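Student: next come a sequence and a model predicted from it.
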Amino acid sequence: MKHLLVLLAACTMLFPTLTALSPAAWAIPVPPAISQIANNAIPAVVDISSIDPLKRGDHGLGANVEAGSAQADSTRESTGTLIVPPKANQALGTGFFISPNGYIVTNHHVIAGASQITVTMQNGSVYDAKRVGVDKIADLAVLKVEAPGPFPYLQFGSSSKLELGDWVVAIGNPFGLGTSISAGIVSALHRNIGSGKYDDFIQTDAAINRGNSGGPLLNALGHVIGVDSAIYSPSGGSVGVGFAIPSSMVQPVAAQLIAHGQMDRGWIGLRIEDVSDAMKKAWHLQSTDGVVVAEAVANGPAAGILKPGDLITAIDGRSLTDAHSFSVSIGERAVGQKVHLTFFRRGIVHRASILVSAPKSLPVGKLPHSKKSQPKPDHLPALGISVIASPGADGVLVVAITADGPAKRAGLAANSVIQAVGPVFVTTPGQLEKQLAGRKQASLLVNGPDGPAWIVVDLTHTTLQPAQRAGS
């Protein structure tokens, strides 16, 4: 059977229906006091029931009607004698209090589309809950119980301090059976399971099933380090591969939902890309970790602070591995917050603080190119291209490219603008040719149809074939 990535709220249930170390070098790991963790946490965990009315059909009937054919029901509706009301789906999930005044965190998919939400505490108390705010992108929601408190609540822990093998405890309402406890370890960190832009899941082998959605994943101190959200399974049941949204995402999103009813993510005005193996070799880097700045958007938050070619290695002290980890780190911040970047420029480490701002709509224009006003192009055999100074004075415009030259093999396209060779910006063909002299490889910052990007060109093999004109 095909493996499925299952959102736990299937939502959930429809009702009715090493090198070896010497013994002295390490201590034998002992499970934490799971019963104590559970007993302390359970009062703050709630079962969530949400009612989602089924949409009416073309005749205003419920998707699942009572006995009688659709034709008969349609006739009854048209005569005004009987309209069968729509039935409703009841979805079950889990949530937990995060404050004594009644705020609850759960998954968005647990309450999506619900017209009525109720929460049941472990002492049997049942309350109506109102939706405070949701963040569909992160699959998180905050609810509020309007009743005299204080309510028992859980504290957040730091998911960034988790290590592989750490013990974790999951609490939830699997299959609507009621509160259940399971324990396991952290199997993996920073999992991207393809469910969204900001995937950064904690993977655990603690048993997680349908109905656990929105429940807390606790560390050995009983602090929330994740929200159980998904499983990977061939059958829909737990096979020891569960995923939780890390608290590094949950905590700031919950705070924004409580304060503003929504999560307003911002940007810092950078276009970045992964460090390729070719870049690593050309720039003499130790690894491909980090991201390379392709462009600092004019008048953006990072303008004048970062430059193309800067290698960003960490945000707020957390190491970056690739462009996805960069997006996740920025996605955890709301507009108005600051991020602290560590980056390298020409081998020297720098640090900068940048204000996360509301994203701007960037105009999408064509590359400056007017055949009528073009001067005679300069041919650069080292790259196998013909170029002119860009009319926009922002680089050198490629007007022709040799069919099998170094630039063509590296993926450079005609009508692109070469803006820099390594950290050195160029605005004339002469400057470009000077920067290429004596090099075996060249890292070119190229502004093409898809925006700025770095292209590493091998200059050890050149050809003297005639250049192919742009557009031919």
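Tutor: Looks like it came in fine. Numbers count the residues shown, from 1 in each chain.
Student: middle-most residue in the protein, spatially?
Tutor: Y198 (1.0 Å; C-alpha atoms, centre = their mean).
Student: now that one, nearest residue through space, not along the chain?
Tutor: With sequence-adjacent residues excluded and distances taken as C-beta to C-beta, 6 or more residues apart in numbering, Y198 is closest to G331, at 4.4 Å. C-beta: built from backbone N, CA, C; applies to glycine.
Student: mind checking how far that neighbour is from I268?
Tutor: G331 is 12 Å from I268, where distance means C-beta to C-beta, to the nearest Å.
Student: could you do L177 as well?
Tutor: Applying C-beta to C-beta to L177 and I268 gives a distance of 46 Å.
Student: the two: who's more crowded?
Tutor: I268 (26 against 12; other C-beta atoms under 10 Å).
Student: so that one sits right up against V339, yeah?
Tutor: Yes: counting by C-beta atoms under 8 Å, I268 touches V339, with 6.5 Å between them.
Student: between the two, which contacts overlap?
Tutor: I330, I354, V356 (C-beta atoms under 8 Å, 6 or more residues apart in numbering).
Student: now the host helix or strand of the second one: buried residues?
Tutor: For I354, the element it lies in under DSSP states H and E is strand 348-355. Using 16 or more other C-beta atoms under 10 Å as the test for burial, strand 348-355 gives I354.
Student: tell me the first helix or strand C-terminal of it.
Tutor: Following strand 348-355 in sequence, per DSSP H and E, is strand 378-380.
Student: just checking, what packs against the helix or strand immediately after that following strand in the chain?
Tutor: For strand 378-380, the succeeding helix or strand toward the C-terminus, using DSSP H and E, is strand 385-389. Applying 3 or more C-beta pairs under 8 Å, 6 or more residues apart in numbering; DSSP states H and E, we find strand 385-389 packed against strand 378-380, strand 396-402, helix 429-436.
Student: F343 is nearest to which of these?
Tutor: helix 429-436 (22.3 Å; C-beta to C-beta).
Student: what average pLDDT does the very next helix or strand once past the closest one get?
Tutor: Downstream of helix 429-436, the next assigned helix or strand under DSSP H and E is strand 441-448. For strand 441-448, mean pLDDT rounds to 80.
Student: residues making contact with strand 441-448?
Tutor: Outside strand 441-448, the residues touching it (C-beta under 8 Å, 6+ apart) are 278-279, 281-283, 294-295, 308-309, 367, 383, 394-395, 412-413, 415-422, 435-436, 452-460.
Student: and with 7 Å instead?
Tutor: Strand 441-448 is contacted by residues 279, 282-283, 294, 308-309, 395, 412-413, 416-422, 436, 452-459 when judged by C-beta atoms under 7 Å, 6 or more residues apart in numbering.
Student: same deal with stretch 422-440?
Tutor: 309, 346, 378, 380, 382-383, 387-389, 393, 395-396, 418-421, 442-443, 459-460.
Student: can you give me the helices in the protein?
Tutor: With helices called from DSSP state H, the chain shows them at 34-41, 70-79, 108-111, 247-260, 277-282, 323-331, 406-410, 429-436.
Student: most tightly packed of the ones you listed?
Tutor: helix 108-111 (a mean of 25; mean count of other C-beta atoms under 10 Å).
Student: in the stretch 1-150 of the chain, where is pLDDT below threshold?
Tutor: 1-29, 52-91 (pLDDT under 70).
Student: tell me which stretches of it form strands.
Tutor: 4-7, 45-53, 88-97, 103-106, 116-120, 126-135, 140-145 (DSSP state E, counting those that start in this stretch).
Student: what's the burial count for the residue nearest to S233 when sequence neighbours are not counted?
Tutor: Excluding the flanking residues, the one nearest S233 by C-beta to C-beta, 6+ apart is V239, at 5.1 Å. Residues lying near V239 (other C-beta under 10 Å) number 14.
Student: what about N219, how many neighbours?
Tutor: Neighbour number of N219 under other C-beta under 10 Å is 22.
Student: show me what contacts it?
Tutor: Here N219 is in contact with G157, D166, V168, I225 (C-beta under 7 Å, 6+ apart).
Student: restricted to strands, list those.
Tutor: V168, I225 (DSSP state E).
Student: okay, the contacts of N219 in JSON lines with distance to Y232 next?
Tutor: JSON lines is the format used below for the contacts of N219 (distance: C-beta to C-beta, whole Å):
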{"residue": "G157", "distance to Y232": "24"}
{"residue": "D166", "distance to Y232": "20"}
{"residue": "V168", "distance to Y232": "17"}
{"residue": "I225", "distance to Y232": "20"}
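Student: list the contacts for the residue nearest to R333 when sequence neighbours are not counted?
Tutor: Nearest residue to R333, sequence neighbours excluded (C-beta to C-beta, 6+ apart): V356, at 4.7 Å. Neighbouring residues of V356 by C-beta under 7 Å, 6+ apart: G266, I268, R333, A334, V335, G336, Q337, K338, V339.
Student: measure V356 to P308 for me?
Tutor: 21 Å.
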